[in-house]
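Visitor: Turn this into a structure:
(chains A and B)
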Amino acid sequence: ILNVEQSPQSLHVQEGDSTNFTCSFPSSNFYALHWYRWETAKSPEALFVMTLNGDEKKKGRISATLNTKEGYSYLYIKGSQPEDSATYLCAPSGSARQLTFGSGTQLTVLP
Amino acid sequence: AAGVIQSPRHLIKEKRETATLKCYPIPRHDTVYWYQQGPGQDPQFLISFYEKMQSDKGSIPDRFSAQQFSDYHSELNMSSLELGDSALYFCASSPRGGRADTQYFGPGTRLTVL
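Guide: The predicted structure follows:
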């Protein structure tokens, strides 16, 4: 079982601000890192899957980086909008396929 | 685009009753995963199936069983329900079951045990 930590637990930002969150995971037995965006009463939405050290992925205003040697990933949101308000979950996977979720970062973007 | 379908969306049962949750993966996805999220907890992996065979097993109680059928839909059967089984049960599917494949999640089934 992988021990996954996400910080901060919650975050309030003003519309237009840029922000970032951290996901820490054990670097041993690592295969892939998944990021999800989860709005209340909806399905978790897959954002990125990254496997290689130094990977960077981008989707619109959201991007992510991966450091497998030190066991962390950053998620960045540029120019936050109220519709970005959600819980952002990271989940590494190891030798088995199942995901081990962190507790998430709850983002609230204030208009 | 078609998504993962779970039914029912909400289920209320009494202690010691049984429950069956169903999951219909995205078309052409052959791998299904089940996760359980208790109140205030992170989602925990229960079990997964690849090509109708169990592939990985997590913290699934012996009272629970699951299978994947020939049309790739999956059912999670829960017997002798306990209050602690009250949770949100997610199903996810992926196209090949690879460790780096995206898992696409359904909306979940909220089970309440009274």
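
Visitor: Counting neighbours, what do you get for the residue in chain A that chain B sits nearest to?
Guide: The minimum distance from chain A to chain B, using CB to the nearest CB, falls at residue A:98 (3.7 Å). The way it works is simple: take the backbone N, C-alpha and C, and place the C-beta from them, glycine included. Counted with other CB atoms under 10 Å in any protein chain shown, the neighbours of residue A:98 add up to 25.

Visitor: Go through the residues of chain B and report the one nearest to chain A.
Guide: residue B:45 (3.7 Å).

Visitor: Which residues of chain B lie near chain A?
Guide: Chain B comes close to chain A at residues B:3-4, B:31, B:33, B:35, B:42-45, B:48, B:55-56, B:58, B:90, B:94, B:97-108, as judged by CB under 8 Å from any CB of the partner chain.

Visitor: Of those, which belong to strands?
Guide: Per DSSP state E, strands hold the following members of these: B:31, B:33, B:35, B:44, B:45, B:48, B:55, B:56, B:90, B:94, B:104, B:105.

Visitor: So which of those residues wins on neighbours?
Guide: residue B:33 leads those on contacts (other CB under 10 Å) with 29 neighbours.

Visitor: Wait, it touches residue B:92, no?
Guide: Yes. Under the criterion of CB atoms under 8 Å, residue B:33 makes contact with residue B:92 at 4.4 Å.

Visitor: Identify the contacts common to the two.
Guide: Any residue near both residue B:33 and residue B:92 by CB atoms under 8 Å, 6 or more residues apart in numbering or on different chains counts here, and that gives residue B:103.

Visitor: Great, nothing more from me.
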